[in-house]
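Trainee: give me coordinates for this.
(4 chains)
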There are 2 protein chains.
Amino acid sequence: MSISPSLNPHVSVDCVIFGFSKETLRLLLIKRTVPNALTELDDSYYALPGDLVRDNENLDEAAARVLRELTGLTGIFLQQFQAFGDPLRITKAKDRAWLKGVRQDPDARVITVAYMALIESSKVEIQPGSFSKGAVWLPIGEIPELAFDHNEISEGALMALREKVQIQPIAFELLPEKFTMSDLQALYETILQRDLDKRNFRRKMLNSGVIAALPEKQHGVSNKPARYYVFNRNLFENGPMGFVNLKMEGSFTLFN
Amino acid sequence: MSISPSLNPHVSVDCVIFGFSKETLRLLLIKRTVPNALTELDDSYYALPGDLVRDNENLDEAAARVLRELTGLTGIFLQQFQAFGDPLRITKAKDRAWLKGVRQDPDARVITVAYMALIESSKVEIQPGSFSKGAVWLPIGEIPELAFDHNEISEGALMALREKVQIQPIAFELLPEKFTMSDLQALYETILQRDLDKRNFRRKMLNSGVIAALPEKQHGVSNKPARYYVFNRNLFENGPMGFVNLKMEGSFTLFN
DNA sequence: TTTTTAAGTGTTCGTTTGACACTAAGCCTT
DNA sequence: AAGGCTTAGTGTCAAACGAACACTTAAAAA
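Mentor: Take a look at the predicted model:
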């Protein structure tokens, strides 16, 4: 290890992008292909979308850019949750092979600031571009070995999400505009990994004032049609640059 | 702004060190003297203790080192809370003057990972060394303009502390081994900036099991002597490298 | 002995939580 | 048309918790 200035650590942002579909919480991961695969190893693997922070942007902007370049979306719930900077982050052979194709100094250390994003997965249209070698939504229970320390980062994001969701009404970011109580409950149950009582859940949600009932109900379902609800967007305000911040203070706790 | 590799951002850690004395919450700040003060400006100012992260250490280690080099203490509650990386962090004249004396490339951007530390302030003995130009405990209500974006970082730390303290029993880190209920309540009231009901506070604390009564009471006070309590250290476990992690899960909420 | 100061103590009421089981509405099948 | 299937939707009660509230006690000082 040199101490020359050129080996200052690189600083990147990585986005742990959560979605919810088919009753499962999923992560949006990108497929990396090692450019010059001289090895016999499988030459592709998954990673969190991320990029080096550019000279002229701050960390939030860098994360928003990564998200936009991959999904085309802006104004998404996006929150920094932890910085990772172990000097031994980059040890896997595949990681080193990939870096060689991409960086001037593949031996330099990388410190990454991790963000979590919550998006309604049906909104996402993967953008053509450097990320688009292939991006997939993988259920959180089926995440394979990822690049670098991205497994650890994903775990951290999930833990942070579980905590957040019990304090602030942010889970709605993962649902479409209109949703049923059952949708919402299934989402919370998936995130928290435990069953919630239906009646208590409804009572709590309705009393809290974070959702409002629509006159509309489901159509064409082969059972009693469920009422649709919307999240009460009055609780939100728009932050400095397209970010969404919660106005609501405290007082949103859950169940059982 | 160049894009040459030598202008990779620097990565530093900064420690927001909280202490509690004379019924006030305080920050431990260091005094910086601009080496070649060619200006007429006052040539010293306060900053958060911090340092560049070294090649061979991870972020937690760097923060622990900064804390140790300044205070001589190890095994302190120390927790990362946010990374700051605005490209315009370094604009003040004093900051630039100081950097010129210290860095090879004073124009390079610095991204800092901020930690908060909770220590019993009477334990601190300021160590001789690079920080020791002068270090002081300043009440959080009387923090002057600090270096870089350190005011913003301190504010963030205080907000993070307020949140944390309501969820996990960490405030004890700021008190001596033995303390009275009134000490404890005064601490919470200071952190949360609101009054708490004495009887409800006692009940909550005792029922929660996080403190245990000692047989011992105060001596030589000119009023009814208060009982001493200790924090129940069984709730803690020692983390990988002298860090202290909480075992306790959820279920520690406060009042009013 | 009285005064001053801070410690210590219980109860009541309203709210919130958690446990729990049946009816309603629509489609599908026969 | 009737019955079956599936999911939506609803209320009550008991226990725990939270908030409000005032007097007595122990020690030193005057």
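Trainee: do you know how far A:Lys100 is from chain B?
Mentor: Distance of A:Lys100 to chain B, computed by Cβ to the nearest Cβ, to the nearest Å: 15 Å. Any C-beta I mention is one placed from the backbone N, CA and C, and that applies to glycine too.
Trainee: for that residue, which non-adjacent residue is spatially closest?
Mentor: Counting by Cβ to Cβ, 6 or more residues apart in numbering or on different chains, A:Lys100 lies nearest to A:Pro106, which is 4.9 Å off, once chain neighbours are set aside.
Trainee: what of A:Ser12?
Mentor: Leaving aside its sequence neighbours, A:Ser12 sits nearest to A:Thr112 (Cβ to Cβ, 6+ apart; 4.5 Å).
Trainee: what's around the one you found, how many residues?
Mentor: Around A:Thr112 there are 26 other residues, counting by other Cβ atoms under 10 Å in any protein chain shown.
Trainee: for it, list each beta-bridge partner.
Mentor: A:Ser12, A:Phe84 (DSSP bridges).
Trainee: need the contact list for it.
Mentor: Residues near A:Thr112 by Cβ atoms under 8 Å, 6 or more residues apart in numbering or on different chains: A:Val11, A:Ser12, A:Val13, A:Asp14, A:Gly50, A:Ala83, A:Phe84, A:Gly85, A:Arg89, A:Phe148, A:Ile153.
Trainee: alongside chain B, which residues does the stretch 1-150 of chain A contribute?
Mentor: A:1, A:3, A:5-11, A:53, A:55-59, A:80, A:82-87, A:104-105, A:108-109, A:111, A:113 (Cβ under 8 Å from any Cβ of the partner chain).
Trainee: ok, of those residues, which come out buried?
Mentor: Among the residues of the stretch 1-150 of chain A next to chain B, those scoring as buried are A:5, A:7-11, A:53, A:57-59, A:80, A:82-87, A:108-109, A:111, A:113 (criterion: 16 or more other Cβ atoms under 10 Å in any protein chain shown).
Trainee: out of the residues you listed, which are inside helices?
Mentor: In helices, judged by DSSP state H, the following of those are found: A:Leu59.
Trainee: among the buried ones among the residues of the stretch 1-150 of chain A next to chain B, which are within reach of DNA strand C?
Mentor: Among these, not one lies near DNA strand C by Cβ under 7 Å from any atom of the strand.
Trainee: residue contacts, A:Ser182?
Mentor: Contacts of A:Ser182 by Cβ under 8 Å, 6+ apart are A:Ala226.
Trainee: assign it to helix, strand or coil.
Mentor: The three-state label given to A:Ser182 by DSSP: H, G, I helix; E, B strand; the rest coil is helix.
Trainee: quick one, helices of chain A?
Mentor: In chain A, the helices defined using DSSP H lie at A:59-71, A:93-100, A:150-167, A:181-192, A:198-208.
Trainee: worst average pLDDT in those helices?
Mentor: Of all the helices of chain A, helix A:93-100 carries the lowest average pLDDT, namely a mean of 84.
Trainee: for the stretch 1-150 of chain A, just list every one of the strands.
Mentor: Assigned by DSSP state E, counting those that start in this stretch, the strands in the stretch 1-150 of chain A fall at A:10-21, A:24-33, A:44-47, A:50-52, A:77-84, A:110-118, A:135-139.
Trainee: with respect to B:Gln168, which of the ones you listed lies nearest?
Mentor: Closest approach to B:Gln168 among these (Cβ to Cβ): strand A:77-84, 16.8 Å.
Trainee: how far is that closest one from where the chain is centred?
Mentor: Counting by Cα atoms, centre = their mean, to the nearest Å, strand A:77-84 is centred 10 Å from the centre of its parent chain.
Trainee: do stretch A:191-205 as well
Mentor: Worked out by Cα atoms, centre = their mean, stretch A:191-205 lies 23 Å from the chain centre.
Trainee: buried residues of that stretch, list them for me.
Mentor: Under 16+ other Cβ under 10 Å, the buried positions of stretch A:191-205 are A:Ile191, A:Leu192, A:Leu196, A:Phe201, A:Lys204, A:Met205.
Trainee: the closest residue to the second one other than its chain neighbours - how many residues pack around it?
Mentor: In this case it means A:Leu192. Leaving out its chain neighbours, the residue that sits closest to A:Leu192 by Cβ to Cβ, 6+ apart is A:Arg162, at 6.2 Å. A:Arg162: 12 surrounding residues under other Cβ under 10 Å.
Trainee: does A:Arg162 touch A:Ile191 like I think?
Mentor: Yes - the pair A:Arg162 / A:Ile191 is scored as a contact, 6.1 Å apart, by Cβ atoms under 8 Å.
Trainee: thinking again about what came up before, in JSON lines: the strands of the stretch 1-150 of chain A, plus mean pLDDT and distance to B:Ala97.
Mentor: Below are those laid out as JSON lines (pLDDT from 0 to 100; distance: least, Cβ to Cβ, whole Å):
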{"stretch": "strand A:10-21", "mean pLDDT": "96", "distance to B:Ala97": "25"}
{"stretch": "strand A:24-33", "mean pLDDT": "93", "distance to B:Ala97": "44"}
{"stretch": "strand A:44-47", "mean pLDDT": "90", "distance to B:Ala97": "42"}
{"stretch": "strand A:50-52", "mean pLDDT": "95", "distance to B:Ala97": "29"}
{"stretch": "strand A:77-84", "mean pLDDT": "97", "distance to B:Ala97": "28"}
{"stretch": "strand A:110-118", "mean pLDDT": "96", "distance to B:Ala97": "27"}
{"stretch": "strand A:135-139", "mean pLDDT": "95", "distance to B:Ala97": "47"}
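Trainee: and of those, who's closest to B:Trp137?
Mentor: Per Cβ to Cβ, nearest to B:Trp137 of those: strand A:77-84, 27.2 Å.
Trainee: what is the burial count for the nearest residue in space to A:Ile153 that is not next to it in sequence?
Mentor: Excluding its sequence neighbours, the residue lying closest to A:Ile153 (Cβ to Cβ, 6+ apart) is A:Ala114, at 4.9 Å. Using other Cβ under 10 Å, A:Ala114 has 26 neighbouring residues.
Trainee: nearest to DNA strand C, of the buried residues of stretch A:191-205?
Mentor: Distance to DNA strand C across the buried residues of stretch A:191-205 (Cβ to the nearest atom of the strand) is lowest for A:Lys204, with 5.6 Å.
Trainee: could you report the separation of the closest one from A:Tyr228?
Mentor: To A:Tyr228, A:Lys204 is 19 Å away according to Cβ to Cβ, to the nearest Å.
Trainee: close to DNA strand C: what parts of the stretch 1-150 of chain A are there?
Mentor: Within the stretch 1-150 of chain A, no position is near DNA strand C by Cβ under 7 Å from any atom of the strand.
Trainee: and the residue of the stretch 1-150 of chain A nearest DNA strand D?
Mentor: For the stretch 1-150 of chain A, Cβ to the nearest atom of the strand, closest residue to DNA strand D: A:Glu23, 11.2 Å.
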